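Asks: The sequence isn't on hand, but the structure is:
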């Protein structure tokens with residue numbers, strides 16, 4: 001129970017700092033504004049899904065497009081790409097700010113396990129991100145009301161699950177990078193570079209080809225996310241996401257343990 005209480009205490013402390021941070025709310029505001037613009041464009045513009053279907057029907061062409069499903073593929077694709085840009089900013093200060101303020105020594109020498117601190121910080125920033133994406137539910141309620149045929153709940157659940165798991169993976173790896181430097185800007189840039197790299201692993205895998213190429217491609221977080229958005233659940237994809245999360249937590253813990261050792 002002591003470990004759980006420590007995690008909750010760290011989570012509450014970090015979460016309070018996010019809700020009191022102008023930067024965090026600026027990031028959230030930008031996310032809401034851009035996602036709202038794309039929602040309107042994809043759904044209601046002259047080049048939007050609904051308009052394209054209406055034009056096809058007016059021309060007498062048979063329409064076999066599932067409008068809701070098509071909208072979800074496009075909209076969640078945009079949200080996924082936007083998330084890749086936003087998350088490095090949220091994770092950049094998880095430990096870099098501690099280094100800058102000189103309080104990281106207290107964490108390194110505290111009796112609390114390093115992984116407990118890392119997990120508490122990760123859960124806090126992930127909960128803030130989940131709060132950020134809550135308006136998406138309102139967008140979907142607007143888009144899906146009266147849909148014929150009704151929307152398959154499995155597709156919606158898996159799309160959100162994939163988004164949250166991808167976010168947790170990026171934030172966990174970003175937290176590790178943040179633990180290595182006292183520069184938040186450097187941390188954000190390096191996290192973004194790393195995220196782009198693991199997002200294009202499917203393309204790199206195609207260059208290798210064969211079984212090795214398939215193994216490399218399977219670690220692309222963007223490819224796995226797109227699979228979730230399509231409503232396809234594979235245990236191997238879940239394992240890859242969890243592996244990224246655990247890897248980030250482990251490396252962060254070891255980074256702080258190294259700092260503890262050097263201080264001794």
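Replies: Cool, the structure landed. Remember, it's a predicted structure, so these values are computed and weren't measured experimentally. Numbering: from 1, shown residues only.

Asks: Ramachandran angles for the spatially most central residue of the chain?
Replies: Nearest residue to the geometric centre of the chain (Cα atoms, centre = their mean): residue 167, 1.7 Å. For residue 167, the backbone dihedrals are phi -60, psi -40 (criterion: degrees, to the nearest 10).

Asks: Repeat that for residue 21.
Replies: Dihedral angles (degrees, to the nearest 10) for residue 21: phi -100, psi 120.

Asks: Neighbours of it, how many?
Replies: 15 (other Cβ atoms under 10 Å). Where C-beta positions appear, they are placed from N, C-alpha and C, glycine not excepted.

Asks: Same question for the one 5 residues further on.
Replies: Taking other Cβ under 10 Å as the neighbour definition, residue 26 ends up with a count of 11.

Asks: Hmm, residue 83 and the residue nearest to the centre of the chain touching each other?
Replies: Yes: in terms of Cβ atoms under 8 Å, residue 167 counts as a neighbour of residue 83; the distance is 6.0 Å.

Asks: hang on, the earlier thing: before we move on, what's the pLDDT of the residue nearest to the centre of the chain?
Replies: As predicted, residue 167 sits at a pLDDT of 95.

Asks: And the nearest residue to it once chain neighbours are set aside, how far from residue 26?
Replies: Of all residues beyond its chain neighbours, the one nearest residue 167 is residue 129 (5.1 Å), with distances taken as Cβ to Cβ, 6 or more residues apart in numbering. Counting by Cβ to Cβ, to the nearest Å, the separation of residue 129 from residue 26 is 15 Å.

Asks: Over to residue 163?
Replies: Taken as Cβ to Cβ, the span from residue 163 to residue 26 is 21 Å.

Asks: mind checking which helix or strand of this structure has the lowest mean pLDDT?
Replies: helix 49-58 (a mean of 61; mean pLDDT, DSSP states H and E).

Asks: Which strands or helices does the following helix or strand past that one pack on?
Replies: Once helix 49-58 ends, the next helix or strand along the chain (criterion: DSSP states H and E) is helix 67-91. Judged by 3 or more Cβ pairs under 8 Å, 6 or more residues apart in numbering; DSSP states H and E, helix 67-91 is in contact with helix 22-44, helix 49-58, helix 114-144, helix 153-178, helix 184-199, helix 221-229.

Asks: Buried residues in stretch 28-35, which are they?
Replies: 28, 31, 35 (16 or more other Cβ atoms under 10 Å).

Asks: Quick one: residues in contact with it.
Replies: By Cβ atoms under 8 Å, 6 or more residues apart in numbering, the surrounding residues in contact with stretch 28-35 are 78, 79, 82, 86, 131, 132, 135, 136, 139.

Asks: name the helices or strands packed onto the helix or strand encompassing residue 238?
Replies: Following DSSP H and E, one finds residue 238 within helix 235-263. Where contact means 3+ Cβ pairs under 8 Å, 6+ apart, helix 235-263 is packed against helix 104-109, helix 114-144, helix 153-178, helix 221-229.

Asks: Figure out which of those is closest to residue 21.
Replies: Nearest to residue 21 among these is helix 114-144; the distance by Cβ to Cβ comes to 9.2 Å.

Asks: Check which helices and strands the closest one sits against.
Replies: By 3+ Cβ pairs under 8 Å, 6+ apart, helix 114-144 packs against helix 2-19, helix 22-44, helix 67-91, helix 104-109, helix 153-178, helix 235-263.

Asks: now that helix and helix 153-178, what's the angle there?
Replies: Interaxial angle, helix 114-144 versus helix 153-178 (axes from the mean of the first three to the mean of the last three Cα atoms, to 10 degrees): 140 degrees.
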